[in-house]
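Visitor: structure of the sequence below:
(chains A, B, C and D)
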Amino acid sequence: MNNRLLKIVSALAFASLSLLVNAELKPEPIPSVTQLPADYPDSWIFAHDANFHALISGKVAIIDVAADTNEYKGFVDAAMMASFVESEKRSKLYVGETFYSRGTQGDKTDVLSIYDKSTLLKTKEIILPKANRGQMVSSKYMMQLVNDEKYLLLLAFTPASSVIVIDTKTEEIISEIPIPGCNLIYPAGKSGFASLCGNGGLKSVQFDEKGEVIVRYDIDSFFSVDDDPLFDKPVYIGSTAYFMSYKSRVQPIDMSKDRPILLPAWSLVTDEEMKENWRPGGWHFAASDNKRLLYVVMHKNGYNGSHKFGGEEVWVFNTTTHKRVKRIILKNNAFSIEVTKSKTPLLVVNNVSMTLDVYSVDGEFQRNITVSDTAMPIVLHSGK
Amino acid sequence: MNNRLLKIVSALAFASLSLLVNAELKPEPIPSVTQLPADYPDSWIFAHDANFHALISGKVAIIDVAADTNEYKGFVDAAMMASFVESEKRSKLYVGETFYSRGTQGDKTDVLSIYDKSTLLKTKEIILPKANRGQMVSSKYMMQLVNDEKYLLLLAFTPASSVIVIDTKTEEIISEIPIPGCNLIYPAGKSGFASLCGNGGLKSVQFDEKGEVIVRYDIDSFFSVDDDPLFDKPVYIGSTAYFMSYKSRVQPIDMSKDRPILLPAWSLVTDEEMKENWRPGGWHFAASDNKRLLYVVMHKNGYNGSHKFGGEEVWVFNTTTHKRVKRIILKNNAFSIEVTKSKTPLLVVNNVSMTLDVYSVDGEFQRNITVSDTAMPIVLHSGK
Amino acid sequence: MKFLEKLIEKSSRKVAQNTSRRHLLTQLSKVMIGVAAVPLLPVARASEGPTNGYPGVGKQTSGLDGDPGDPTSCDYWRYCAIDGFLCSCCGGSATSCPPGTEMSPITWIGTCLNPADGKNYIISYNDCCGKTSCGRCLCNRNENDKPMYRPQANNDINWCLGTSSSVYTCSTGVLLGVAVDE
Amino acid sequence: MKFLEKLIEKSSRKVAQNTSRRHLLTQLSKVMIGVAAVPLLPVARASEGPTNGYPGVGKQTSGLDGDPGDPTSCDYWRYCAIDGFLCSCCGGSATSCPPGTEMSPITWIGTCLNPADGKNYIISYNDCCGKTSCGRCLCNRNENDKPMYRPQANNDINWCLGTSSSVYTCSTGVLLGVAVDE
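Guide: Numbers count the residues shown, from 1 in each chain, chains lettered A, B, ... in the order given. Okay, the predicted model is just below:
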């Protein structure tokens, strides 16, 4: 029976039922709570609303950016400049957050909250005994899973910086690794991470099952923080981290081995574009797709201080040839972007009005999604 | 020396200093925190931002509605559908609020937070042992000071309703008075209160120094909740509470004695206005000034369900003659209003865009004040 | 929940966005402007035509025969006395809470006319509780809403009572049956 | 504090409010509309002229000779690397915290040019802490702002460190002295 026929038949059935028993809508069950699949479809993303207007009440919303209906799947709370990462392997969501016993005052409790992806219920919380979780404008590199999700690394900042190592199986803290003079967490090697340092250098460590450092490398200054700093938000393509500078340099770093390897630098801009001061910028202003392409939000007429204002175009680069392969002129200026890992990847733009514009990767506008009326969804995480 | 001359002289002094020592701006002290006077000027009001977009992060802002500069004086937090009242006598601010140990989850703590008006620092909190504070869209009648501010009365609702009595001198809870079938707190008599009841009646009690009920009156149903309910937000002029109904009746109740006395009802509208369905409405949609005038937000074409949408005009009534003496056509529709107790009273309108429009009581627009970019300042309290 | 509230509608907000944006783009070179939140408090909704939901929110249907309209629109017939964020926009539905929240067991009741069959139905506006405000599709309608002294017919009370957390997230409109007094 | 952020400006927002309001009032009978928050994220502020502060916020002066501009405007010279709500709009001033908050003892440092005397001054962007976000005059400028791996020159870090609460309320710009390297 085709669909149309089915509709007619059921309409007739309904009509006759109506005649017979004066059909009414049926009472509905209370309570009723929706659940999600344990494995999320690959068009779902996580939109982290940092909520500057009420920092103690941030959230991470789960959104199907490919959907025209039921696009909003749910959310978890994420308080006070929280950090967030999804676990694919354990079907969990991790939120690093901070609470006070009286909202904004009283006793402080820093926790890693762990949620089940299907129920979005908290299954466990790990209290950070030193209450030293780093609070920054939310960044992906404040919290990372490494070694096939065996360890969760969480940034501490007091302003002394360190990395807290949590075993994802036992859900216990196993160590804390100081990273003096350096900051943020870039996965590196089999079981370790690298951090960028204030002198323009890089530190990297590998740790063992007790979270103790077994390998350490310090790479001397390789860029000028004063003249042309690397943004602290690289894009990983495979195990290569593509760092970009304020003035459009690309510094790829091979993070596959214990010792990070600086790969040859290249530029996002031609000489002419350089003269027009085309520059990258925004918050999480760059992303990659499943074809190893690099997507970067660019703005014209850049200047000292323009690096966090977003941009009017997304440029797409082949990371092997270093050629720009696409230039997407946006409907609304971008602040942060992400590309889904789906078969038909979608480019998701957190625009400067703080709603989401969804495009095909060829730049064709698909739809706009509001995360909430006052949301500031400045970090977008594609599903894994 | 007149002002102008002074300015010229100091400008010259500065210029010569500049020539001599290459004058520079001087280093400024750290830390520095502003304080407020213990007695607030009478043009200051309290704007309660219920913050529906993040209920756990509401606030009460202190605003000088007569000022064109430095109009925002500070704020206190007010979490989760808080209640608020100012104490003139003790120079304190009281906030009834609710916290969870993990923001939105965990252990619940209901408190009365007490702030010093000068420092806006919390001087004490009283924990409500039953954690039964009523949570409603914030209303002035969830918390009141009575008996010359000797007692603070705080509404509990579970949904069983009761009134918690707190001694403002000892800052301790002394009793809890059940008000079954009734709700809200309307000061009545020397040391008591009245509540409206679901049957259209009124209950009133007087209590002693132990908070024990010594006088109780139950007034039978005197209006139809189904056909034309009284709004639960009357305006007090002296000790008379002016209740208004959805369909524009005014029911004054003399609350000066132990036993509330129903005074003759009258109407806000003429027969013609009634036909046009002019009705009162909004949230705290009515106020009074120091001339015993009653200000009411009115809307045309009212209907079943229009009573909380605010209105396009404010009508001002002489409460003795029952005549309308002014009709103020607003720049922006009003949701809530207040009139300052200052010598030159000002009409403050929380407009439907959720910013404050300030008018003279003759309806001349003075200024617009933003409470915050996302604020919903739905309750305005004039200073006492 | 049921705080009195602002209505945000797709059609009108879109107008606002487009208007202000275009206007400003011509006025302020290089300055991008967007309208993050355009609250609406209709004084008299009666005179309006049907609305089209909220901007940036996909339309839905309940999937039930005889249940017309869009559960993500404030004009959906079941919402005649609702006050709060619509759970249908928040990961739940008109009758179900978003994942990770808890549905309040007690609540207030409205009576709404289903335009499909002309019957009045009893609607239970159960709140969903335990996460922060959803923030999408804030909707307030007050048909037969009574003041707080008649709680069971009032939408200003936080009905996250009897739940493990009293923090309000969003509101549903669950059908209990046909109203008998009609 | 120093989250990257949106700039809201009086002039532009006023335009937006008036435009959208007028437009809508003619389009949607009986529906009032207002613009509660119009965020701005300028892509290139350099090309703009002077701004005029935020809508619904009164202008101020610092009262100091040789300290030009409006401390409630994002364009005030001291704010060249600020990120957050301006304490001058929140009950404090450009150099003082609002009542009931606590000024962070450590923070990040910027260097800003005073147009009155042509000197570069060292500005300390001390955060005020212990109450919720002020929510007025959100301002972000990033002159010489460096990434988070150089914290002392970064405005994305919550500098409510060493205070009894780490909850961020608003930001000041306190003058420490003339920059020597100019």
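Visitor: Three-state assignment for A:Y141, please.
Guide: Secondary structure state of A:Y141, per DSSP: H, G, I helix; E, B strand; the rest coil, is helix.
Visitor: pretty sure it contacts A:C182?
Guide: No - between A:Y141 and A:C182 there is no contact, the gap being 11.8 Å when judged by CB atoms under 8 Å. Backbone N, C-alpha and C define where each C-beta goes, glycine included.
Visitor: mind checking pLDDT for residue 12?
Guide: All of this is about chain A. As predicted, A:L12 sits at a pLDDT of 43.
Visitor: hmm, I had chain C in mind actually
Guide: 28.
Visitor: excluding chain neighbours, what is closest to the spatially most central residue of chain C?
Guide: Residue closest to the average C-alpha location in chain C (CA atoms, centre = their mean): C:C139, at 3.5 Å. Nearest non-adjacent residue to C:C139, counting by CB to CB, 6 or more residues apart in numbering or on different chains: C:C74, 3.8 Å away.
Visitor: for my notes, confirm that neighbour occurs in a strand.
Guide: No - assessed by three-state DSSP, C:C74 does not belong to a strand; its assignment is coil.
Visitor: rewinding a little: pLDDT at the residue nearest to the centre of chain C, what is it?
Guide: 96.
Visitor: and C:E5, by the same measure?
Guide: Looking at C:E5, its pLDDT stands at 26.
Visitor: what's the answer for C:L24, then?
Guide: 27.
Visitor: ok, now the one 3 residues further on?
Guide: Note on C:Q27: pLDDT of 25.
Visitor: got it, and C:P151?
Guide: 96.
Visitor: ok, it touching C:I106?
Guide: No - look at C:P151 against C:I106 with CB under 8 Å: they stay out of range, at 9.6 Å.
Visitor: quick check: neighbours shared by the two?
Guide: Contact criterion CB atoms under 8 Å, 6 or more residues apart in numbering or on different chains; residues shared by C:P151 and C:I106: B:P159.
Visitor: more crowded one of these two?
Guide: C:P151 (23 against 15; other CB atoms under 10 Å in any protein chain shown).
Visitor: could you pull out the strands for chain C?
Guide: If DSSP state E is used as the criterion, the strands of chain C fall at C:83-85, C:102-103, C:109-114, C:119-124, C:127-129, C:138-140, C:168-171, C:174-178.
Visitor: now tabulate those strands in a markdown table and tack on distance to B:V76.
Guide: Compiled in a markdown table, the strands of chain C are given as follows (distance: least, CB to CB, whole Å):
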| stretch | distance to B:V76 |
| --- | --- |
| strand C:83-85 | 25 |
| strand C:102-103 | 30 |
| strand C:109-114 | 35 |
| strand C:119-124 | 36 |
| strand C:127-129 | 26 |
| strand C:138-140 | 25 |
| strand C:168-171 | 22 |
| strand C:174-178 | 38 |
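Visitor: those: which one's closest to B:D64?
Guide: strand C:138-140 (30.2 Å; CB to CB).
Visitor: wait, which of the strands of chain C is closest to A:R216?
Guide: That would be strand C:168-171 among those, by CB to CB, at 46.2 Å.
Visitor: which non-adjacent residue is nearest A:D39?
Guide: Of all residues not flanking A:D39 in the chain, A:S91 sits nearest, at 6.9 Å (CB to CB, 6+ apart).
Visitor: quick one, what contacts the nearest residue to C:K59 once chain neighbours are set aside?
Guide: Excluding its sequence neighbours, the residue lying closest to C:K59 (CB to CB, 6+ apart) is C:D70, at 4.9 Å. Listed by CB under 8 Å, 6+ apart, the contact partners of C:D70 are C:52-53, C:59-61, C:76.
Visitor: next one: C:D70 from D:T111, what distance?
Guide: 55 Å (CB to CB, to the nearest Å).
Visitor: repeat for A:K247
Guide: The value you get for A:K247 to D:T111, if CB to CB is used, is 20 Å.
Visitor: pull the contacting residues for A:G238.
Guide: Neighbours of A:G238 in contact, by CB under 8 Å, 6+ apart: A:256, A:292.
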